[in-house]
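>>> After the sequence you'll find the predicted model.
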Amino acid sequence: MPLMSGPPPQLGDLIEFFRPLYQHWGIYVGNGYVVHLTDQEGWSSLSSALGGSAVVRKDLLEDVARGCNYRVNNKYDQKMSPYPSEKVVQAALQQLGQIMPYSVTSANCEHFVTELRYGNCFSEQVANIALYTAVGGGILAAALATLAIITRNRRQNQ
């Protein structure tokens, strides 16, 4: 059974679902339902990423969680003002059934919900991956440069 941490959701809240290797996102629209960007079957799986499109669905929060933990996570509220909850819910419900382009890096489920709540689409997951990749690449480049210097110095000393 999924475990919810933190306070119960309120209308317009961002819901973060913890999947293996990534997080899925939805907007709480009341009566136990969330609106989310997902594949046709509602699994928020790689089939959306591979197919290049996704659909806006309204599903029971517990069904979307499907055994994974979840929480209310309005993490950007300190940085920007959210729209009124009624406006967020109305905008989410108006998009039900729409097929939308899907991109892991520029049009994913987190982009979808942040645009509804704040009017700007962004994904911290994508930004973090880019940062980790850049840092990892920098560390690798520094290690290779150090190895090259050590190798050159050894050759000169021989």
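The structure has been received and is ready for your questions.
>>> burial count for Leu61?
Per other Cβ atoms under 10 Å, the neighbour tally for Leu61 reads 20. For glycine as for every other residue, the C-beta is placed from the backbone atoms N, C-alpha and C.
>>> Spell out which residues make up each domain of the chain.
4-122, 123-158 (automatic domain parsing).
>>> Format those domains as a markdown table; extra columns: mean pLDDT.
What follows is the domains of the chain, written out as a markdown table (pLDDT from 0 to 100):
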| stretch | mean pLDDT |
| --- | --- |
| domain 4-122 | 89 |
| domain 123-158 | 51 |
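>>> most packed of those?
Across those, averaging neighbours per residue (mean count of other Cβ atoms under 10 Å) puts domain 4-122 on top, at a mean of 17.
>>> Can you get me the start-to-end distance on that one?
End-to-end distance of domain 4-122 (Cα to Cα, to the nearest Å): 24 Å.
>>> For Gly67, what are phi and psi?
phi 90, psi -10 (degrees, to the nearest 10).
>>> how near is it to Lys75?
23 Å (Cβ to Cβ, to the nearest Å).
>>> With Val89 instead?
19 Å.
>>> Then Phe122?
11 Å.
>>> Equivalent analysis for Pro9, please.
In terms of Cβ to Cβ, Pro9 sits 14 Å off from Lys75.
>>> With adjacent residues omitted, what lies nearest to Asn73?
In space, and not counting its chain neighbours, Asn73 is closest to Glu16: 4.1 Å by Cβ to Cβ, 6 or more residues apart in numbering.
>>> In which helix or strand does the one you found reside?
Glu16 is part of strand 14-19 when elements are defined by DSSP states H and E.
>>> In the sheet, which residues pair with the residue nearest to Asn73? Tell me.
Beta bridges link Glu16 to Trp25, Arg71, judged by DSSP bridges.
>>> Tell me the spacing between it and Ala65.
As judged by Cβ to Cβ, Glu16 and Ala65 stand 11 Å apart.
>>> Over to Asp59?
10 Å.
>>> Show me the strands in this protein, by range?
Using DSSP state E, the strands found in the chain span residues 4-5, 14-19, 22-30, 33-38, 53-60, 70-72, 99-101.
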